[in-house]
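Engineer: Fold the following, please.
(one chain, ligands or ions: 1)
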Amino acid sequence: MRASAVISLLLLCGAACHSDRGPATRQASARPPIILITIDTLRADRLGSYGSRRGLTPSLDAFAREATRFTVAVTQVPLTLPSHATILTGLHPAHHGVRTNDGFRLSPAAPTLAAPLKAAGYATGAFIGGYPLRGSSGLSRGFDRYDDEFLAAPAATERPADAVMQSASAWIDANATTPFFAWIHLFDPHSPYTPPAPFAAAHRDNPYDGEVAYTDAAVGRFLDRIRQRDLFTPAAIIVVADHGESLGEHGERTHGTFLYDATIRVPMLIKMATVRVTPLIDVPVETADLAPTIAALAGARLDHTDGRSVLPLIDGAAGDADRPAYAESFYQNVLLGWSPLRAVRTARWKLIDAPRSELYDLEDDAGELQNRLAERATLASGLQRALRALDSGRGATDEARAAATSESAERLQSLGYASGSTVPTAASTAIDPKDHIAVWAEIEDGIDLTARDPASAEQKFARALQLEPGNGLALKYLGDIRYRTGRSRDARDLYRRAIDAGFRHADVYVNLAAIAEREGHFDDAREALISAVRLTASDADAWNRLGLVEARRNDLDAARRAFSQAIALAADRSEPYYNLGVIERRAGNVAAAQARLREAIGRNPQ
Ligand SMILES: [Zn+2]
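Structural biologist: Down below sits the predicted model:
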């Protein structure tokens, strides 16, 4: 594999290498160590190497001087889980099926990068910084070690870059004598922005920048350690962001809804296990290109990817400035039923396909403020065709649909993400997200405020409903606050309106059931819980609650079935064993009751 790469390099350089590219020779080992660092939520324009003068990234800038820098690297989706699914499979979201952070899980049929690397003799380790990439998302497939263990603590959502790096460094030390692939995920720049000292004080007015500066320092410490182990030179090291952050541009506070460059153009740096060949590549590349690139570096096979290896570009091949890099956002389509957004970006142009489509000339309008669609209709329809060609083919979204559980919803909510879905209607899909971004902004603010200031959160959700009456997600969140503060009737009314508006989340039914149960309406409670498990068959908590209601209705067989479902789904939890034990005792099955209760004690001696 490597031998042929050297030959192609020499051939291509004979025709195309510039004299300032340095010696066009390689002396890499056949299977170099490969380190992939994905930095969550890192805007390209915060790096000095991408033109920032803020001085936030001295370590990454030093690294960039030894790497190939991609000026037009495009993420396929500005959300953590689907973006990483693309990075680790080389597939566009339609093909791996993961469209948002919750309610999807990478389909077991989707080939991931780690498996062929392992087959090629690589040790494979992943070190995760944030909850959206929990192993149960399906990304852990093919990794010898998938370190998301900090998430075992209840309500844990993220850990700092230094902690991730420490775990990764220890694993690398233990595997340094074999070819290894280490994927390191740093979550710090993601909201909430809470940089540690001394970065908090140094960036009091801009804590996002403080997180970026802290992350850069942690990357610097890690790379120093890699150098001390004599691994820096022989390793291929890739640094990329999964998406950027809007920070208020176009009315978007964070990321996920829009496809402007603030979130879809990402920093991408690749240091080869050789002398640097090409310092700068200014043709469009996709984050989907990374998996085939890494597979090629390792001499592994990864078939049927949407991305393509960038090694020929690094080796000096001329690229295509008109390659249409793909991006999409289904966040508000899934959540609120609004129109999805799809885009293609070339080196100069971007077309965003929406109810009111947009065309931007990024050469003289980097802020994407002047829609050129009317004046450049022919160009736009060409890009539209390119977009349709990229968007065709069989989708995998249905296979990837998975349960959004109450547990995942809570942790994602503390990271600013909403969970659930709205059944789209003709009216809702006619909504262009840019026309309703104020609605989403109120909801997003409300999500952030819910834990620390529920009264203000309530006002935000109420304001969203003024702007868009019948917004199912806002109704649900308002219902949650009323529910938690004991205003059950209000909560029930809001939840019912949310369901009527097409909003679907198991929590809504579980809370409706709890209200009905409190009022002694066990048939209503049962009906609501059956709706919950029908919607989210993997919700162990809902099954357990259904078992309790069936027991109160004296249907012991139905209760037994429900508790058994809960056990099958979450075998580590003690409650369903305990409940099953109580049921067996009531049914007169003493031995079975003893066995179940012992199992409950084994899981929770308290
Ligand atoms: Zn992310």
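
Engineer: so how many other residues sit close to Gln370?
Structural biologist: Counted by other Cβ atoms under 10 Å, the residues lying close to Gln370 total 12. Just so you know, the C-beta spots here come from the backbone N, C-alpha and C atoms, and that holds for glycine as well.

Engineer: list the contacts for it?
Structural biologist: Counting by Cβ atoms under 8 Å, 6 or more residues apart in numbering, Gln370 touches Tyr360, Asp361.

Engineer: One more pass at 10 Å, please.
Structural biologist: Contact partners of Gln370, counting by Cβ atoms under 10 Å, 6 or more residues apart in numbering, are Glu358, Leu359, Tyr360, Asp361, Asp364.

Engineer: go on, Leu79?
Structural biologist: Listed by Cβ under 10 Å, 6+ apart, the contact partners of Leu79 are 85, 93, 98-102, 132, 242-243, 255-257, 263, 328-331, 417.

Engineer: secondary structure element for the closest residue to it other than its chain neighbours?
Structural biologist: For Leu79, ignoring the flanking residues on the chain, the nearest one in space by Cβ to Cβ, 6 or more residues apart in numbering is Gly256 at 4.8 Å. Assessed by DSSP states H and E, Gly256 sits outside every helix and strand.

Engineer: Gly256 contacts Thr100, doesn't it?
Structural biologist: Yes. Using Cβ atoms under 10 Å, Gly256 is in contact with Thr100, at 7.8 Å.

Engineer: any shared contact partners between these two?
Structural biologist: Common contacts of Gly256 and Thr100, defined by Cβ under 10 Å, 6+ apart, comprise Val77, Leu79, Thr80, Pro82, Ser329, Phe330, Tyr331, Gln332, Leu335, Tyr417, Ala418.

Engineer: Any idea how many residues pack against the third one?
Structural biologist: Applying the criterion other Cβ under 10 Å, we find 28 residues in the vicinity of Thr80.

Engineer: per-residue confidence for it?
Structural biologist: Turning to Thr80, the model gives it a pLDDT of 97.

Engineer: again, but for the fifth one
Structural biologist: On the pLDDT scale, Ser329 is placed at 96.

Engineer: what sits against the nearest residue to it once chain neighbours are set aside?
Structural biologist: What sits nearest to Ser329 in space, not counting adjacent residues and going by Cβ to Cβ, 6+ apart, is Leu341, at 4.5 Å. By Cβ under 10 Å, 6+ apart, Leu341 lies in contact with 257-259, 327-333, 352-355, 357-358, 432-434.

Engineer: circling back: okay if I get the shared contacts of Gly256 and Thr100 as a markdown table plus secondary structure and distance to His304?
Structural biologist: Below are these laid out as a markdown table (DSSP: H, G, I helix; E, B strand; the rest coil; distance: Cβ to Cβ, whole Å):
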| residue | secondary structure | distance to His304 |
| --- | --- | --- |
| Val77 | coil | 19 |
| Leu79 | coil | 23 |
| Thr80 | helix | 24 |
| Pro82 | helix | 18 |
| Ser329 | strand | 24 |
| Phe330 | coil | 22 |
| Tyr331 | helix | 26 |
| Gln332 | helix | 30 |
| Leu335 | helix | 30 |
| Tyr417 | coil | 30 |
| Ala418 | coil | 33 |
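
Engineer: Tell me who's in contact with Val77.
Structural biologist: Shown in contact with Val77 (Cβ under 10 Å, 6+ apart): 83-86, 92-93, 98-100, 242-243, 255-256, 259, 263-264, 287, 326-331.

Engineer: can you narrow the residues you listed to ones near the ion?
Structural biologist: Checking these against the ion by Cβ under 5 Å from the ion, the ones in range are Asp242.

Engineer: Of the contacts of Val77, which belong to strands?
Structural biologist: Counting by DSSP state E, the contacts of Val77 place Tyr326, Ala327, Glu328, Ser329 in strands.

Engineer: Please list all residues in contact with the residue in the chain that the ion sits nearest to.
Structural biologist: Going by Cβ to the ion, the ion is nearest to Thr80 of the chain, at 3.0 Å. By Cβ under 10 Å, 6+ apart, Thr80 lies in contact with 38, 40-41, 100-101, 130-133, 137, 185, 187, 190, 242-243, 255-256, 412, 415, 417.
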